[in-house]
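1. Show me the folded form of this:
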Amino acid sequence: MPVLSVIIVNYNVKHFLEQCIYSVLAAARDLETEIIVVDNHSSDGSMLYLPPKFPTVQFKENKENTGFAKACNQGLAMAKGRYILFLNPDTIVPEDCFVQCIQFMQSNPRAGGLGIRMIDGSGKFLKESKRSFPSPLTSLYKLFGLSRLFPHSSIFSRYHLGHLPEHSNNEVDVLAGAFMMIPKEVLDKTGGFDENFFMYGEDVDLSFRIQQAGYTNYYFAGSSIIHFKGESTRKGSMNYVKMFYNAMSQFVRKHYGGSRASLFTSLIHTGIWFRPGLTPFGGFIRRFGLPLIDAGLILLSFWLIKNGWNSYVKTDVHYENRLLWIAFPSFTVFYLLAAYYAGLYDRWYKRSELISSTIIATLVLLAGYALLPEQYRFSRGIILFGALLSFIMISILRWLLVRFNVLDTRREKEAQLTTLVVASPEEYKEVLSLLQQAGIQQKMLGRIAVDVNDGQAAGYWKNLDQLVATLPYKEIIYCSGTLRYADILQSLQQLPAGTRSGICASGSSSVVGSRSANVAGESLSKENGFNLSNPYNKRLKRLTDVSVAFLSLLFFPFQFLLQRKPLSFLKNCISVLLGSHTWIGYALPQKGLPPLRKGIMAANGIPVQLKQPLTEESLQMMDHWYARDYDPVDELKLIRKLYRRLGG
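-> The predicted model follows:
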């Protein structure tokens, strides 16, 4: 019988899970351990990629996304260990973690559950490592930002138990769902996770039931783990706020009831509606406000130019308000669409994307203007100078937002990243090959030795904080294998502020990392070298699919002359518009390629549902080339060439 069962729920984070499993296997060497992965219907090829790499791991594949709680319970039903560890896939554990945690629990017989000290990808402590149960006041202190203003207060920061030192073991209320170690006999008494919690709150509920059963929950500081926090980018959103506090409200209704639950629910709902005004300005601007502000500036620009044009240029011309109320909003929508597809609302701001989107939108509008009937025209000058003024105003806005650190231009600087790799000579070669396949252009400063007697390296890993004076690095990639995970955790917490980090297990095909708790974890693999992985190309592919389907439906009667199978083509158009298919897709199921909707035609021009004349190896190579060399113009040419056959 295994001593420990590690249960991991996966959903579209295969490379994080790959690195996580490598670390779990290293931590399980001195302990009889079983690893159970429950996949919640991932679409990133996790179940094709991972099982062959880890034959000792038990994989369970769900046919739909059942949610975190139900998937954990599925893993629990399979588990045979005396201790159960619910572990997030975006975590890294050190070699001594499991043994130390179990020894602590064995020395505390009333321990019902154990959470652990967690750090993010930049080495900073994650305050959610220790928490109290929600109450009306503690939740409102957090909701209104008082816990952030008074991080060590036993009153205002009670939700994260800010008054308890991070480096000391303590009794706590709530175990963080990213790492929950619980004896199997305790779970037999309390039951697993409550599947009624849609998202968030499951860990709070189970922690409460453990205490109700007479046990104690502990925060353990004797070891630490890395939690890359892949969900963190959504935490500033209104959707997250509502879901999180609704889960807290659900918890209170379930366990407290009566007037306390009613008071809690009323206060929380009041606080949620006030939250938009208290949400950090930068987060609101990046996620929601920027397109709205841009729309306002574009409308204002056209209105100002129109008034100036009427007053100083075409003083004898009257423009109907009805026409302007239609034209200007239409122009604005078109400019925003052009900006979106140019990448202006991607994660980082790039000035060239603003220029390109403005030029494209203006040229298309001017061309479209010439096709309008005479009664609907007003002035090319208004379009041209309105576009110019909106470009100037949006440029000034972006400059201000970048100046005040609301927007980030980091993507423009990433090509200039200076990187050191902590690795053996063999591991260093593997990382260089991986980065090259991923298409990452970084300035590699060299290798940092794991062995102090290695005279061929640029320095020794324990002296990284001193090396920054002579080697101005901005990123460190750690290779686990020769270097222990415990050493990586130690080094991470000593890096200079602002340094990026990544981890690559020996024998793996990816690098994972994160700059901070406020930025989602990122992964690099040879898949990053595919043009089809580029968000810009993904948007253009979808735009191409929708445009072809929409125009084909618009002129559908002509398809009886153009299509071999017009009714099947009609069905395919609807399927593409609904997002279940793409016109050009992979010939075979995805394996190590960027995720893609099911194709109607393969890149060789043969319908996907028909038997392909090529060998499986040739088809895999064809799909690989299609994803690697994807070009929107070539895609349009291929669709035009295959148009008569798009009905199958």
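
2. partner strands of the top strand by length along the chain, parallel or antiparallel?
-> Across the chain, the longest stretch assigned as strand under DSSP state E is strand 216-227. Taking DSSP bridges as the criterion, strand 216-227 forms sheet pairs with strand 91-92 (antiparallel), strand 111-119 (parallel), strand 170-172 (antiparallel).

3. Please identify the deepest-packed of those strands.
-> Counting by mean count of other Cβ atoms under 10 Å, strand 91-92 has the highest mean neighbour count of the strands paired with strand 216-227, with a mean of 26. (Glycine included, C-beta is placed from N, CA and C.)

4. in the longest strand of the chain, what counts as buried?
-> Buried residues in strand 216-227, counted by 16 or more other Cβ atoms under 10 Å: 217-221, 223-227.

5. Next, format the residues you listed as TSV and append pLDDT and distance to Ile488.
-> Converted to TSV, the buried residues of strand 216-227 look like this (pLDDT from 0 to 100; distance: Cβ to Cβ, whole Å):
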residue	pLDDT	distance to Ile488
Asn217	96	28
Tyr218	97	25
Tyr219	96	22
Phe220	97	19
Ala221	96	18
Ser223	96	13
Ser224	97	11
Ile225	97	11
Ile226	95	8
His227	94	14
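
6. Am I right that Phe454 is in a helix?
-> In this structure residue 454 is Asp, not Phe. No. Applying DSSP: H, G, I helix; E, B strand; the rest coil, one finds Asp454 to be coil, outside a helix.

7. returning to what we had before: now for the strands paired with strand 216-227, which one comes closest to Phe550?
-> Of all the strands paired with strand 216-227, strand 91-92 sits nearest to Phe550, with 43.9 Å by Cβ to Cβ.

8. List of residues touching that closest one?
-> Here strand 91-92 makes contact (Cβ atoms under 8 Å, 6 or more residues apart in numbering) with 19-20, 23, 118, 178-179, 225-228, 485, 488-489, 503.

9. at 10 Å instead, please
-> Outside strand 91-92, the residues that touch it by Cβ atoms under 10 Å, 6 or more residues apart in numbering are 8, 16-17, 19-20, 22-24, 26-27, 116, 118-119, 121, 178-179, 224-230, 478, 480, 485, 488-489, 492, 503, 505, 512, 521.

10. Tell me the secondary structure at Gly214.
-> When classified by three-state DSSP, Gly214 comes out as coil.

11. What does it show for phi and psi?
-> phi 100, psi 10 (degrees, to the nearest 10).

12. Tell me how many other residues surround Ser575.
-> Ser575 has 16 neighbouring residues, counting by other Cβ atoms under 10 Å.

13. Look up which helix or strand it falls in, please.
-> Element membership for Ser575 (DSSP states H and E) is helix 566-577.

14. and what of Gln559?
-> Assessed by DSSP H and E, Gln559 sits inside helix 556-562.

15. for that helix, packing partners?
-> Counting contacts by 3 or more Cβ pairs under 10 Å, 6 or more residues apart in numbering; DSSP states H and E, helix 556-562 is packed against helix 535-554, helix 566-577.

16. tell me the contacts of the residue nearest to Gly115 when sequence neighbours are not counted?
-> Distances taken as Cβ to Cβ, 6 or more residues apart in numbering put Leu175 closest to Gly115, at 4.1 Å, once the chain neighbours are dropped. Contact partners of Leu175, counting by Cβ under 10 Å, 6+ apart, are 86, 112-116, 129-131, 181-182, 203-204, 206-207, 210, 217-219.

17. my guess is Arg644 is in a helix, correct?
-> Yes. Counting by three-state DSSP, one finds Arg644 located in a helix.

18. which residues does it contact?
-> 559, 562-565, 569.

19. which of the residues you listed count as buried?
-> Applying 16+ other Cβ under 10 Å to the contacts of Arg644, the neighbour count classes 559, 563, 569 as buried.

20. Settle this for me: the first one is touching Gly647, isn't it.
-> It stands for Gln559. Yes. If you go by Cβ atoms under 10 Å, Gln559 and Gly647 touch, sitting 8.1 Å apart.

21. Quickly list what's touching both of these two.
-> 565-567, 569-570, 573.

22. would CSV of those with pLDDT be doable?
-> Output for the shared contacts of Gln559 and Gly647, formatted as CSV (pLDDT from 0 to 100):
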residue, pLDDT
Lys565, 89
Pro566, 89
Leu567, 89
Phe569, 92
Leu570, 91
Cys573, 92
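
23. okay if I get these as a markdown table plus distance to Pro472?
-> Shown next, in a markdown table, are the shared contacts of Gln559 and Gly647 (distance: Cβ to Cβ, whole Å):
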| residue | distance to Pro472 |
| --- | --- |
| Lys565 | 62 |
| Pro566 | 64 |
| Leu567 | 65 |
| Phe569 | 59 |
| Leu570 | 60 |
| Cys573 | 55 |
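
24. Return the member of these nearest to Thr332.
-> Cys573 (28.9 Å).

25. residue contacts, that closest one?
-> Neighbour list for Cys573: 545-546, 548-553, 556, 559, 581, 583, 600, 646-647 [criterion: Cβ under 10 Å, 6+ apart].

26. and the gap between the nearest residue to it once chain neighbours are set aside and Ile600?
-> Excluding its sequence neighbours, the residue lying closest to Cys573 (Cβ to Cβ, 6+ apart) is Ala549, at 4.2 Å. Using Cβ to Cβ, to the nearest Å, Ala549 is found at 10 Å from Ile600.

27. joint contacts of the two?
-> Common contacts of Ala549 and Ile600 (Cβ under 10 Å, 6+ apart): 569, 572-573, 575-576, 581, 583, 646.

28. Dump those to a markdown table, plus distance to Leu619.
-> Formatted as a markdown table, those follow (distance: Cβ to Cβ, whole Å):
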| residue | distance to Leu619 |
| --- | --- |
| Phe569 | 24 |
| Asn572 | 21 |
| Cys573 | 26 |
| Ser575 | 22 |
| Val576 | 22 |
| His581 | 19 |
| Trp583 | 18 |
| Leu646 | 20 |
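
29. what helix or strand is Ile476 on?
-> Using DSSP H and E, Ile476 sits in strand 475-480.

30. Please enumerate residues in contact with the helix or strand just after that strand?
-> Downstream of strand 475-480, the next assigned helix or strand under DSSP H and E is helix 485-492. Helix 485-492 is contacted from outside by 19, 22-24, 26-27, 92-97, 119-124, 223-226, 422, 448, 450, 461-462, 464-465, 476, 478-480, 483-484, 499, 501, 503, 505, 513, using Cβ under 10 Å, 6+ apart.

31. out of these, which are buried?
-> When neighbours are counted using 16+ other Cβ under 10 Å, those contain these buried positions: 19, 22-24, 26-27, 92-97, 119-123, 223-226, 422, 448, 450, 461, 464, 476, 478-480, 483, 499, 501, 503, 505, 513.

32. got any ranges where the stretch 251-400 of the chain has weak pLDDT?
-> Scanning the stretch 251-400 of the chain for pLDDT under 70 picks out the ranges 251-289, 319-324, 342-343, 346-349, 369, 371-378.

33. Okay, helices next: where are they in the stretch 251-400 of the chain?
-> Using DSSP state H, counting those that start in this stretch, the helices of the stretch 251-400 of the chain run over residues 258-278, 281-284, 290-308, 321-342, 351-371, 380-403.
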